[in-house]
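In: have a look; sequence and predicted model below, questions after that.
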There are 2 protein chains.
Amino acid sequence: MLSKNQIKFINRLGQKKFRFKDGCFVVEGIKTINELLQSHFELYQLYTTESFNIDAKTENLISDSDLKRISFLKTPNTALAVFKIPKPKPIGFENLILALDDVRDPGNLGTIIRLCDWFGVKDLVCSKQTVDCYNPKVLQATMGSISRVNINYVDLDLFLEQAQLPVFGAFMNGENVYKTVLPKKGILVMGNEANGISKTIAERVTARVAIPRFGDLQATESLNVATATAVLLSEFKRNV
Amino acid sequence: MLSKNQIKFINRLGQKKFRFKDGCFVVEGIKTINELLQSHFELYQLYTTESFNIDAKTENLISDSDLKRISFLKTPNTALAVFKIPKPKPIGFENLILALDDVRDPGNLGTIIRLCDWFGVKDLVCSKQTVDCYNPKVLQATMGSISRVNINYVDLDLFLEQAQLPVFGAFMNGENVYKTVLPKKGILVMGNEANGISKTIAERVTARVAIPRFGDLQATESLNVATATAVLLSEFKRNV
């Protein structure tokens, strides 16, 4: 049986300000929960209709109807976990770093985190206006890869100023990325869905790159930020 | 003022069987509607709160509340159009063809159509079980690019048997795509989100390709089908 306080505590974790205040976030689905249990993420509470056989103090066996009351999904899974938000690790400047300038769509951020994991990008740096990576919709799209990518929210302008690394930025009118020599270490900046890279951040970019367009030149407008990130990370990694 | 019959006609176009029966589909949003108006797609009806100044017979000026009654969106735009489903054009076998083996997620198909447009892939061939490209959620993700990609739903097994082209398939255990010589003409097959390429279709594949994984080898599971398509289309096109 769930107490009113438990329900209230979990429901409010749907909002960024309470996640920040409580230092916790919610994950649903056995597969993702299991992946996080095997990572450095610290479990706080587990609510499940089928036992995971873990520490009895944190595991709460509940009914399907109780799970519905705390789930953020239309069709709840069989388990919901509350994890503590980990303290980000220091950024490693020896490899490629991906930076996001105000990416707003949770599905895009989730897909980008999964791409970082695949392409071995250990550090993802996000501007303060980028959607929160502990948003339930982001977590759903990451498929557990959030535990393998170190995510820092920073003042992106200041970060780029201090980083002392080449800064590559994705622009529609940039140099053909297929013909650009890409270094092993550096920063790749991807911009907002509607507006691209902001003017302030653009001034920090030392090399503008673009994915050539092969289709109808007048019509096709742009690639989605997640698919553009896929192509650019592939380009950075393919010759390493 | 909308008649009951008009509302019923549009609402039922949310279902594939009625789109097929009526030969029509719905598009929302001025930008996408304008793109389709400039294409070979034939307008059947336009419902709008602000005049487009087109043929008075097909343009219906309606109120915001009427638009809400026919819209498929939570937050309706200012216009909704019904277009006729065009007859697919013959497939061009002189270029790269993308084939989908049971891609089910509308967002993925929409993103893939947009990628075809960007990378100049004129022909997209879908298995019968692939989500319908005139599904409203697919159309929302295509951003108008659907008018520039020729989409055929076929018996994929039969199509591949008869195509007389090299068939590349995306497999987790395929050859490193960065080291594979990719021809200008051929077919690239992408599989279902959960199961990949089916056994029957796999038998038609003449070359299995994979995007190398640079992250933690034990953990990261797979790339999303849309981001994997982005990387593979980029590989096919980058050296052309």
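Out: Yes, it's here.
In: just give me the neighbour total for A:T32.
Out: A:T32 has 21 neighbours, counted by other C-beta atoms under 10 Å in any protein chain shown. To be clear about C-beta, it is placed using only N, CA and C from the backbone, and glycine gets the same treatment.
In: is it true that it touches A:S147?
Out: No - with contact taken as C-beta atoms under 8 Å, A:T32 and A:S147 are classed as non-touching, separated by 9.2 Å.
In: double-check that A:S234 belongs to a helix.
Out: Yes - for A:S234, which was evaluated using DSSP: H, G, I helix; E, B strand; the rest coil, the result is membership in a helix.
In: I'd say it and B:L232 touch.
Out: No - shown here, A:S234 and B:L232 do not form a contact pair, counting by C-beta under 8 Å, at 9.2 Å.
In: pLDDT score assigned to A:L61?
Out: Model confidence at A:L61, given as pLDDT, is 91.
In: what bridges to it?
Out: Taking DSSP bridges, one obtains A:T48 as the residues bridged to A:L61.
In: in contact with it, which residues?
Out: Taking C-beta atoms under 8 Å, 6 or more residues apart in numbering or on different chains as the criterion, A:L61 is in contact with A:T48, A:T49, A:S51.
In: going through the residues you listed, which ones are buried?
Out: Buried members of those, scored by 16 or more other C-beta atoms under 10 Å in any protein chain shown, are A:T48, A:T49.
In: what do A:S234 and B:L232 both touch?
Out: If you check A:S234 and B:L232 against C-beta under 8 Å, 6+ apart, the residues they both contact are B:I211.
In: show the pLDDT at the closest residue in space to A:E59 that isn't next to it in sequence.
Out: Here the nearest residue to A:E59 in space, its sequence neighbours aside, is A:L46; by C-beta to C-beta, 6 or more residues apart in numbering or on different chains that works out to 4.8 Å. Each residue has a pLDDT score; the one for A:L46 is 94.
In: which ones are touching A:L46?
Out: Listed by C-beta under 8 Å, 6+ apart, the contact set of A:L46 reads A:I33, A:F52, A:I54, A:T58, A:E59, A:N60, A:A79, A:L80, A:A81, A:V82.
In: mind exporting the helix or strand where it lies as PDB, just the C-alpha atoms?
Out: Using DSSP states H and E, the secondary-structure element containing A:L46 is strand A:43-48. Taking C-alpha atoms only, strand A:43-48 is exported to PDB below (Å, rounded to 0.1, in the frame of the first residue of the first chain):
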ATOM      1  CA  LEU A  43      18.900   3.500  -5.800                       C
ATOM      2  CA  TYR A  44      16.700   5.300  -3.400                       C
ATOM      3  CA  GLN A  45      13.400   3.500  -3.700                       C
ATOM      4  CA  LEU A  46      12.000   0.700  -5.800                       C
ATOM      5  CA  TYR A  47       8.300   0.100  -6.400                       C
ATOM      6  CA  THR A  48       7.500  -3.100  -8.200                       C
END
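In: for that strand, what is the distance to the chain centroid?
Out: Put simply, strand A:43-48 sits 22 Å off its chain's centre (C-alpha atoms, centre = their mean, to the nearest Å).
In: who's in contact with the residue lying closest to A:L67 once chain neighbours are set aside?
Out: In space, not counting the residues next to it along the chain, A:L67 is nearest to A:P76; the distance is 5.0 Å by C-beta to C-beta, 6+ apart. A:P76 is in contact with A:E28, A:D64, A:L67, A:K68, counting by C-beta under 8 Å, 6+ apart.
In: helix, strand or coil for A:P76?
Out: Here A:P76 is recorded as coil under three-state DSSP.
In: quick revisit: in strands, which of the contacts of A:P76 fall?
Out: The members of these that map onto strands under DSSP state E are A:E28.
In: ok, now how distant is the closest residue to A:E221 other than its chain neighbours from A:T111?
Out: Among residues not flanking A:E221 along the chain, B:M143 sits closest, at 6.5 Å (C-beta to C-beta, 6+ apart). Distance, B:M143 to A:T111, using C-beta to C-beta, to the nearest Å: 17 Å.
In: mind checking which of those two has more residues around it?
Out: A:T111 (27 against 20).
In: right, and A:G191 touches A:R104 too?
Out: No - with the criterion set as C-beta under 8 Å, A:G191 and A:R104 do not qualify as a contacting pair; they are 10.7 Å apart.
In: looking at those two, which has the bigger crowd around it?
Out: For A:G191 versus A:R104, neighbours defined as other C-beta under 10 Å are more numerous around A:G191 (22 against 14).
In: dump the residue contacts of the closest residue to the more buried one other than its chain neighbours.
Out: For A:G191, ignoring the flanking residues on the chain, the nearest one in space by C-beta to C-beta, 6+ apart is A:I197 at 3.6 Å. When contacts are counted by C-beta under 8 Å, 6+ apart, A:I197 is found next to A:D101, A:G169, A:A170, A:F171, A:V189, A:M190, A:G191, A:V205.
In: distance check, A:I197 against chain B.
Out: Computed as C-beta to the nearest C-beta, to the nearest Å, the A:I197 to chain B distance reads 19 Å.
In: A:L67 now?
Out: Between A:L67 and chain B the distance, using C-beta to the nearest C-beta, works out to 23 Å.
In: what is the neighbour count of A:K31?
Out: A:K31: 12 surrounding residues under other C-beta under 10 Å.
In: what does the helix or strand hosting it rub up against?
Out: Here A:K31 is covered by helix A:30-37, with elements defined by DSSP H and E. The set of residues that contact helix A:30-37 without belonging to it, under C-beta under 8 Å, 6+ apart, is A:27, A:43, A:46, A:52, A:54, A:77-79, A:81, A:83, A:139, A:142-144, A:146-147, B:219.
In: try it again with 7 Å
Out: Taking contacts as C-beta atoms under 7 Å, 6 or more residues apart in numbering or on different chains, the residues outside helix A:30-37 that touch it are A:V27, A:L43, A:N77, A:T78, A:A79, A:A81, A:F83, A:M143, A:G144, A:S147.
In: give me the pLDDT for the first one.
Out: pLDDT recorded at A:V27 is 94.
In: any weak-confidence spans in chain A?
Out: In the predicted model of chain A, residues A:55-56, A:216-220 satisfy pLDDT under 70.
In: residues of it that sit close to chain B?
Out: On the criterion C-beta under 7 Å from any C-beta of the partner chain, chain B has as its neighbours in chain A the residues A:111, A:114-115, A:117-120, A:143, A:145, A:148, A:178, A:211, A:213-216, A:219-221, A:223-224, A:226-227, A:230-231, A:234, A:237-238.
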